[in-house]
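K.L.:
have a look; sequence and predicted model below, questions after that.
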Amino acid sequence: MAARLLEKYRKEVIPQMQEKFSIKNPMAVPHLSKIVINMGVGEAIGDVKLLDRAAENLATITGQKPTIRRSKKAISNFKLRENLPIGAKVTLRRARMYEFLDRLVNVSLPRIRDFNGTSRKAFDKGGNYTLGITDQGIFPEIDPGVRDFRIQGMDISFVFENGNKEQNFEVLRLLGMPFGKQ
């Protein structure tokens with residue numbers, strides 16, 4: 001069974017995009033190719049267990065085991081040596097990607113206190129969108145009552161194929177991303 005948002009994309013978003021931007025071929029409509037979730041844990045330099053807990057939380061949120069990211073070069077001001085573990089990353093594709101987006105848009109983002117929508121200006125030159133979250137506790141899978149719970153932020157990047165900023169913005173809006181009024 002396909003993910004709910006994937007069905008919505010195929011049945012509703014593609015026809016609306018074709019009509020609005022006069023795209024003749026449905027395969028030319030912009031679509032999400034992957035969602036990359038990155039969690040940088042700078043404090044892991046002093047305590048590797050923090051990175052293990054962050055990776056555990058990331059696996060719980062996404063349903064996929066994260067890869068551990070290592071430093072590329074040494075920076076003495078940050079007490080950082082080359083090849084130290086400093087972050088975790090997950091790349092979601094296909095059905096798992098749409099299920100994560102569905103949970104993010106419909107469950108997690110509304111749980112943010114005083115939430116006024118996401119930024120409309122977080123698109124890069126290629127039309128990809130990056131969303132920064134300061135607390136992973138907005139995800140219902142994470143239990144903040146755990147004894148050694150730490151607030152940890154993450155970056156969520158939506159990578160598109162085809163389309164420009166305006167078209168990709170419209171795809172995300174039609175999929176339910178709550179953009180602010182900026």
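P.N.:
Noted; the coordinates are in hand.
K.L.:
check contacts around F21.
P.N.:
By Cβ atoms under 8 Å, 6 or more residues apart in numbering, the contact set of F21 is Q167, E170. (Each C-beta comes from the backbone N, C-alpha and C, glycine too.)
K.L.:
try 6 Å
P.N.:
Applying Cβ atoms under 6 Å, 6 or more residues apart in numbering, we find F21 in contact with Q167.
K.L.:
can you pull up the most central residue in the chain?
P.N.:
In the chain, the residue lying closest to the centroid (Cα atoms, centre = their mean) is I156, at 2.5 Å.
K.L.:
tell me the secondary structure of it, please.
P.N.:
The three-state label given to I156 by DSSP: H, G, I helix; E, B strand; the rest coil is strand.
K.L.:
bridge partners for it, pull those for me.
P.N.:
I37, L131 (DSSP bridges).
K.L.:
could you check how far it is from R103?
P.N.:
From I156 across to R103, the span is 12 Å (Cβ to Cβ, to the nearest Å).
K.L.:
do the same with F169
P.N.:
Distance, F169 to R103, by Cβ to Cβ: 21 Å.
K.L.:
what do you get for E56?
P.N.:
18 Å.
K.L.:
endpoints of stretch 116-123, how far apart?
P.N.:
Using Cα to Cα, to the nearest Å, the end-to-end distance of stretch 116-123 comes out at 18 Å.
K.L.:
now that stretch: how far from the chain's centre is it?
P.N.:
Distance, stretch centre to chain centre, for stretch 116-123: 13 Å (Cα atoms, centre = their mean, to the nearest Å).
K.L.:
ok, residues contacting it?
P.N.:
Contact with stretch 116-123 is made by Y129, T130, L131, K165, P178, F179, G180, Q182, as judged by Cβ under 6 Å, 6+ apart.
K.L.:
repeat the analysis, applying 7 Å as the threshold.
P.N.:
Contact with stretch 116-123 is made by Y129, T130, L131, K165, N168, F169, M177, P178, F179, G180, K181, Q182, as judged by Cβ atoms under 7 Å, 6 or more residues apart in numbering.
K.L.:
who wins for most neighbours among the residues you listed?
P.N.:
Using other Cβ atoms under 10 Å as the neighbour criterion, Y129 leads the contacts of stretch 116-123 with 25 neighbours.
K.L.:
contacting residues around that one?
P.N.:
Y129 sits next to A122, F123, F158, N168, L172 when contact means Cβ under 7 Å, 6+ apart.
K.L.:
quick check: phi and psi on it?
P.N.:
phi -110, psi 130 (degrees, to the nearest 10).
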